[in-house]
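J.: could you work out the structure for the sequence below:
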Amino acid sequence: MAPTSDIARLDGQAALVTGASSGIGRASALALAEAGAAVAVNYFGSPDAAEEVVAEIDKAGGRAVAVKADVSKEDEVRQMFAAAEEALGPLDVVMSNAGIQKDAAVADMSLDDWNAVIGVNLTGGFLVGREAIRRFRAKGRRPGTSRALGKLVYDSSVHQLIPWAFHVNYAASKGGIHLLMRSLAQEVAEEGIRVNAVAPGAIATAINADEREAHADDIRKLIPYGRIGDPIDVGRVVAWLVSDAADYVVGQTIFADGGMSLYPGFRGNG
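T.: Residues are numbered from 1 along each chain as shown. Model prediction:
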């Protein structure tokens with residue numbers, strides 16, 4: 001049996017991370033590269049930030065490439081996968097991470113804002129997952145590289161479980177990701193494709209910077225562990241989840257949330 005340190009490695013594997021120019025996607029790309037994977041860094045509106053991630057991986061002795069795509073567009077998703085494989089070879093790991101928020105009270109939420117969030121977060125998750133599965137099948141198994149045919153990980157949220165007033169489009173998209181992930185896992189596990197998700201809680205990223213600044217103390221009250229998470233807290237989970245160290249983990253969501261999903265408001269009041 002290989003040592004744990006060996007089976008947690010990703011040497012010789014290629015990965016694609018969507019929305020990898022910042023936040024959790026960036027941290028996940030860096031963690032995958034640190035574990036030995038070559039990484040395609042997807043971005044949509046931040047080419048300079050994506051190139052910075054690539055440069056950081058290159059400086060550490062890894063291999064990476066930046067690839068632009070809007071994950072809500074079918075043709076761009078196909079082109080993204082083609083560009084990633086042209087640069088790095090067949091993909092073994094895909095992380096569907098790209099996501100947006102457009103928050104409003106439900107009575108004030110426009111249909112455009114609803115569709116934009118569902119389009120990127122949920123439809124994008126479908127398009128990326130579908131193309132990943134097609135590419136894994138075309139690649140075939142590579143003995144000595146990974147026990148699985150392919151590894152697909154979704155970036156979900158504690159809000160696949162916890163309702164979120166004034167953010168109904170975002171919460172609905174993450175609830176959809178939960179059952180998209182589980183349904184795909186049920187469908188393709190027999191082929192050797194592992195589909196899982198990570199569900200972050202309060203993580204210090206640009207998407208929630210204003211909210212954190214205004215409500216940091218209130219947010220910490222919702223986290224039993226007492227701190228707001230860092231993106232790398234999630235990235236390390238992703239790197240483990242796609243390694244052979246997690247080879248028997250299929251169709252699961254790992255909550256990286258400091259205990260937020262424990263509903264701490266009920267402590268002592270049950």
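J.: over to Phe196: give its phi and psi.
T.: That one is not Phe; residue 196 is Asn. Dihedral pair for Asn196: phi -140, psi -180, per degrees, to the nearest 10.
J.: right, I mislabeled it, should have said Ala8
T.: phi -90, psi 0.
J.: isn't it right up against Ser243?
T.: Yes. Ala8 lies in contact with Ser243 (CB atoms under 8 Å); the separation is 4.6 Å. C-beta here means a position set from N, CA and C on the backbone, and glycine is covered the same way.
J.: settle it for me: which of these two has more neighbours?
T.: Under the criterion of other CB atoms under 10 Å, the comparison of Ala8 against Ser243 puts Ser243 first, with 25 against 17.
J.: list phi and psi for the more buried one.
T.: As for Ser243, its main-chain torsions (degrees, to the nearest 10) stand at phi -90, psi 170.
J.: with Arg182 instead?
T.: phi -70, psi -40.
J.: ok, now Val65?
T.: Main-chain dihedrals, Val65, degrees, to the nearest 10: phi -150, psi 140.
J.: please name the nearest non-neighbouring residue to it.
T.: Ala87 (4.2 Å; CB to CB, 6 or more residues apart in numbering).
J.: how about Ala104?
T.: What sits nearest to Ala104 in space, not counting adjacent residues and going by CB to CB, 6+ apart, is Asp113, at 6.4 Å.
J.: roughly how far is the helix or strand hosting that neighbour from the heart of the chain?
T.: Using DSSP states H and E, Asp113 sits in helix 111-117. Computed by CA atoms, centre = their mean, to the nearest Å, the separation of helix 111-117 from the middle of its chain amounts to 21 Å.
J.: got it, and stretch 128-147?
T.: For stretch 128-147, the distance to the chain centre is 18 Å (CA atoms, centre = their mean).
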